[in-house]
Structure formats: structure tokens, C-alpha cells
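>>> Predicted model follows, preceded by the sequence.
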Amino acid sequence: MGFTGDPVWLEDVLREALGDRLHVVDGWKTRGTGAGENGSDQMGPLWGVMIHHTGNRNESIDTIKNGRPGLAGPLSQCLITPDGICHLIAIGPCNHAGIGQYPGISKNMGNTRLIGFECAWPTIRPDGSYDERERWPDAQIITMRDAAAAVVKKLGYGADRVIGHKEYATAPPNVKWDPGNIDMNWFRGEVAKDLRGDFDGPPIVIPPVLTDRQLLERIDAGVADLNRKLNGIGATK
């Protein structure tokens, strides 16, 4: 049985993974649809993460928070924008997964079993068209990867617990294609690398602060060494 209840730890987990890439939206701790399982108003048992795209790279926080005509908000726990910022909006159940199922997730239970990340993509042209092949911004993909890895790590799971909406909503009339042109097997591979620490940089070594005396001693030692070398050169002439 996975973690049950609203993930009140979500800010801490994402902050550790994302640092300044996390933006917290006021009211996130109490925001959700209230439509949990078995009469509950909370999440759980949590199975993993679902990745979406919004259908517009200019998607607003307000839309994710408040919903749109025909679908009440919040529409996901987080919105990840093209600049790589993850906006934490809610922790309760959200209307993001809807109708569908996936191995390990009961039919139509994605809203309560999965933490949803809506990702603002693609670019909508003035005539309303878009390019299905549009490249995702590196900053956005990296934050999507880091955020997904952080959540499944907290839950004690692996990259296999990260799925796309298109892997869950597969039966007509509710067939989805988000997150767009992202190959989810590739994306899970990137999450797995993150979980292994493949993207971690080398530790930063901060040199000790020297006292004035220690600094002078080092200078004196350097000067003495230089004099010995110069004397050696003179002796060989």
C-alpha cells in the first residue's frame, strides 16, 4: 500500500530537487477538488507521477488552479513552464488524469493515485495551429525529469512509476496524446539516471579561511622556494 493522504511533503521534496526552480502558489496546502476515494477528500494511495502537456506553452497558473469551462480546477498539482519553473499549485486530488487505467492503477483512479505535472507546451500559432514535432525546451525537460524523480524517490519507487497521460487514457472516447512527442520510455530512462545520481555534479570543496599569520607563512614559504630555485639556476651557469 502506497502513501495515503495529501502529500504535504511536496514542497520540501521539490525544493530539495529544484531549488529556485520551484515557485509556490499561495493556498497550495489546502487546494484540491475534494474528490478522494471511499468518501475521503484526500489523495492516495499514491502510485506515482503522471506527465501531461497543457496544449499551450503560455498556459496560466490561474487556469490550472481554477479550471476551465466544463472542468473544475485544480487541473494538476504542478505546472512546469518552458523556462523550467515548477509552480506548486495543489496537493489534493486534481482533475488531471480522468478516465483511463494503467497496470497497478485501478480504472479511473488516476486523479487520486497520481501526482500530476502539467507542462506548458506547444506553441500555438495565430491561426490556432501548432507543430507536433516542436522541440521541448531543455530547461523544461530537465525540471520535468528532476521533479518526477524527486517524487518517486520520496514514495520509495523507481522510474517505472512515471507515466504519460497517453499511456493511461488509451480507450475511445478518451484518448490522449500528452505529453506530446516525448517518448515515455526515453523519459523514464532519464528519470532513472537522475535517481542513480548521474546528473549530480562533483561536490564543491570550499577552501579553508586562512588567518593573517597562516597567509604570511605561505607567502614566506613560496618566496623561500623561489629563491632556492633561482640560486640553483645561478649555480649551473
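Looks like it arrived, so ask away. Worth saying up front: this structure is predicted, and the values here are computed from it rather than measured.

>>> from here on, contacts and neighbour counts on C-alpha atoms
Will do.

>>> helix/strand/coil for Pro74?
Secondary structure for Pro74, judged by DSSP: H, G, I helix; E, B strand; the rest coil, is coil.

>>> Next, find the distance separating the closest residue in space to it that isn't next to it in sequence from Cys78.
Once flanking residues are discounted, Pro74 sits nearest to Lys65: 4.4 Å by C-alpha to C-alpha, 6 or more residues apart in numbering. Using C-alpha to C-alpha, to the nearest Å, Lys65 is found at 9 Å from Cys78.

>>> before we move on, what about Gly5?
Gly5 is 17 Å from Cys78, by C-alpha to C-alpha.

>>> For the chain, which residue occupies the most central location?
The centroid of the chain falls nearest to Ala147 when counting by C-alpha atoms, centre = their mean (1.9 Å).

>>> I figured that residue was touching Leu14, is that so?
Yes: with contacts counted by C-alpha atoms under 8 Å, Ala147 reaches Leu14, the gap being 6.2 Å.

>>> And the helices in this protein?
Using DSSP state H, the helices of the chain run over 10-18, 61-66, 110-113, 138-155, 165-168, 184-196, 212-235.

>>> Could you spell out which stretches of this protein belong to which domain?
Per the TED database, the domain ranges recorded for the chain read 9-202, 207-236.

>>> Quickly compare those and say which is most buried.
With neighbours taken as mean count of other C-alpha atoms under 10 Å, the domains of the chain reach their highest mean count in domain 9-202, at a mean of 19.

>>> quick one: contacts for the residue nearest to Pro74?
Residues near Lys65 by C-alpha atoms under 8 Å, 6 or more residues apart in numbering: 73-76, 89-90.

>>> Mind doing that once more with 10 Å?
Applying C-alpha atoms under 10 Å, 6 or more residues apart in numbering, we find Lys65 in contact with 25, 27-28, 31-32, 72-79, 88-90, 94.

>>> With Gly36 instead?
Gly36 makes contact with 5-6, 42-44, 92-94, 109, 111-113 under the criterion C-alpha under 10 Å, 6+ apart.

>>> Just the pLDDT at it, thanks.
As summarised for this prediction, Gly36 has a pLDDT of 93.

>>> Let me know the distance separating it from Ile163.
From Gly36 across to Ile163, the span is 21 Å (C-alpha to C-alpha).
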